[in-house]
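*Asks:* Predicted structure and sequence below. I'll ask about it afterward.
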Amino acid sequence: MTETTTKALAKKKNGMVLPFEPHSMTLNDIIYSIHMPHEMKEQSVTEDKLVLLKGASGSFRPGILTALMDISGANKTTLTDVLASRKTNGYIDRKITVSGF
């Protein structure tokens, strides 16, 4: 990049700079379950909980692009919702740690 280009880019950056603190995330053998739906109970299912995720493990490091890939219906969205704390009506077993906490 030339000095002129660098100065031009610096002029375009007019905005607030938000602080950024890199964190890592680790999950080990996550199990996510919900109450058994009434429709399934009506079909003689005896369990109280329906397990949607079982044995999900992984780690995410700052600055590293991570792709979550699997077949359709493999609960990728459920996993990302659990990690983002968007799932509030179920049960999460095991630990999700962010920067060791």
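*Replies:* Yep, that arrived. Numbering: from 1, shown residues only.
*Asks:* number of nearby residues for the nearest residue to H35 once chain neighbours are set aside?
*Replies:* If the residues on either side of it in the chain are set aside, H35 comes closest to K49, at 6.4 Å by C-beta to C-beta, 6 or more residues apart in numbering. To be clear about C-beta, it is placed using only N, CA and C from the backbone, and glycine gets the same treatment. For K49, the number of neighbouring residues by other C-beta atoms under 10 Å comes to 13.
*Asks:* mind showing which ranges of the chain have poor pLDDT?
*Replies:* Residues of the chain that meet the criterion pLDDT under 70 lie in 1-14.
*Asks:* any chance you could map the strands in it?
*Replies:* Assignment of strands within the chain using DSSP state E yields the ranges 25-35, 49-60, 91-98.
*Asks:* Could you save those strands as JSON lines and add columns showing distance to L18?
*Replies:* Below are the strands of the chain laid out as JSON lines (distance: least, C-beta to C-beta, whole Å):
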{"stretch": "strand 25-35", "distance to L18": "20"}
{"stretch": "strand 49-60", "distance to L18": "20"}
{"stretch": "strand 91-98", "distance to L18": "18"}
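*Asks:* Just name the most buried of those strands.
*Replies:* Neighbour counts (mean count of other C-beta atoms under 10 Å) averaged over each of the strands of the chain peak at strand 25-35, with a mean of 16.
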